[in-house]
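Peer 1: quick one: sequence and predicted model below, then my questions.
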Amino acid sequence: MAWLKGYVALVTGGGSGIGRAVIRRFLEEGALGVGVLVRNQDHVHDLHREFGDRVAVHAGDVRSYADNQMAVDLTVRRWGRLDTLVGNAGLWDYKASLERMTPEQLCDSFDELFGVNVKGYLLAAKAAGPHLRATRGSMIFTLSNSAFYAGGGGPLYVASKHAGVGLVRQLAFDFAPDVRVNAVAPGATMTPLRGLASLGKSERRLQEIDGFEDAVAAASPLKFVAQPHEHTGHFVLLASRENSRATTATVIHSDGGWEVRPLH
Ligand SMILES: NC(=O)c1ccc[n+]([C@@H]2O[C@H](COP(=O)([O-])OP(=O)(O)OC[C@H]3O[C@@H](n4cnc5c(N)ncnc54)[C@H](O)[C@@H]3O)[C@@H](O)[C@H]2O)c1
């Protein structure tokens, strides 16, 4: 089956984790090519090594409008169109506590986290919007179980992902009827998701936390922690005009049933 035959997509933060798995899956589903916006220079070579000229990679920062615009322009120049934006780049706050932060740390970490997790999504939507209107394409954002529930992060991360739900709803409203806007909300996933430089945690990686996999699996109704590829079918479904033509302003939960987790 090739649900995305001939599609052109752009994925932010696609050098690793869920974004990279989405790129792989979109190409398997027949996509013509995928533009990628990455922060880490190593990811540029790495992506070309795996996907060759089926990816066009721009190294930049999702907090910069110019970088988002350059990634969109590169993609459209290469393949002539844009069907799907996947806003995905993100940082985690490693459950940083409001009470333990200094006021300076709070201000800096808010700017860093919201700059990537919220402003980065808005800037990508702004840059991609006109091309998506032209193709009657769609936007898909990677949210989180933290878009709905407490406890999967500190107040910064949880607030940033809740903000993502508002962003999906308002953009779906604003871009209708031309562009559908949806999201996928993964639960804990084995990826190298990093912390905040402003809190000295930019080198920490989620998948390396001691006991993370066992603890989350034990708490989850489905008793496992997802691998990145296990979310990608939802992105394919939402991207496909044929298979989700009537779906906008929707968030698909891909979190092992976090809403019905055991209380103890
Ligand atoms: N891993 C989880 O448990 C989990 C759970 C729920 C939601 N998510 C969300 O999934 C998304 C992808 O994260 P992941 O878990 O695959 O981790 P990841 O670290 O593999 O992917 C995030 C990517 O974003 C990039 N990035 C970070 N800051 C950037 C910037 N300023 N400019 C450009 N790129 C930047 C990173 O380099 C990285 O490649 C994030 O939005 C995250 O919040 C992850």
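Peer 2: Everything's here; your move.
Peer 1: so what's the most centrally placed residue in the chain up against?
Peer 2: With distances taken as Cα atoms, centre = their mean, Asn88 lies nearest the centre of the chain, 1.8 Å away. Listed by Cβ atoms under 8 Å, 6 or more residues apart in numbering, the contact set of Asn88 reads 11-14, 18-19, 22, 141-142. No exception for glycine: its C-beta is placed from N, CA and C like everyone else's.
Peer 1: hmm, try it at 7 Å
Peer 2: Counting by Cβ atoms under 7 Å, 6 or more residues apart in numbering, Asn88 makes contact with 11-14, 18-19, 142.
Peer 1: out of these, who's nearest His45?
Peer 2: Distance to His45 across those (Cβ to Cβ) is lowest for Gly14, with 13.8 Å.
Peer 1: and Ala89, that's in a helix?
Peer 2: No - using DSSP: H, G, I helix; E, B strand; the rest coil, the secondary structure at Ala89 is coil, not a helix.
Peer 1: what's near enough to touch Val76?
Peer 2: Val76 is in contact with 82, 131, counting by Cβ under 7 Å, 6+ apart.
Peer 1: tell me the buried residues in the strand or helix carrying it?
Peer 2: Element membership for Val76, per DSSP states H and E: helix 65-79. Residues 67-72, 74-76, 78-79 are the ones in helix 65-79 that count as buried (16 or more other Cβ atoms under 10 Å).
Peer 1: and stretch 211-219, by the same measure?
Peer 2: Neighbour counts using 16+ other Cβ under 10 Å place 216, 219 of stretch 211-219 among the buried residues.
Peer 1: before we move on, the earlier item: now, the contacts of Asn88 that are in helices?
Peer 2: Among these, the members falling in helices (DSSP state H) are 18-19.
Peer 1: which stretches of the stretch 1-150 of the chain form strands?
Peer 2: Using DSSP state E, counting those that start in this stretch, the strands of the stretch 1-150 of the chain run over 8-12, 33-38, 55-59, 84-87, 138-142.
Peer 1: equivalent analysis for the stretch 151-264 of the chain, please.
Peer 2: Applying DSSP E, counting those that start in this stretch to the stretch 151-264 of the chain gives strands spanning 180-186, 251-254.
Peer 1: now the angle from the longest one to strand 138-142?
Peer 2: What separates the directions of strand 180-186 and strand 138-142 is an angle of 20 degrees, with axes from the mean of the first three to the mean of the last three Cα atoms, to 10 degrees.
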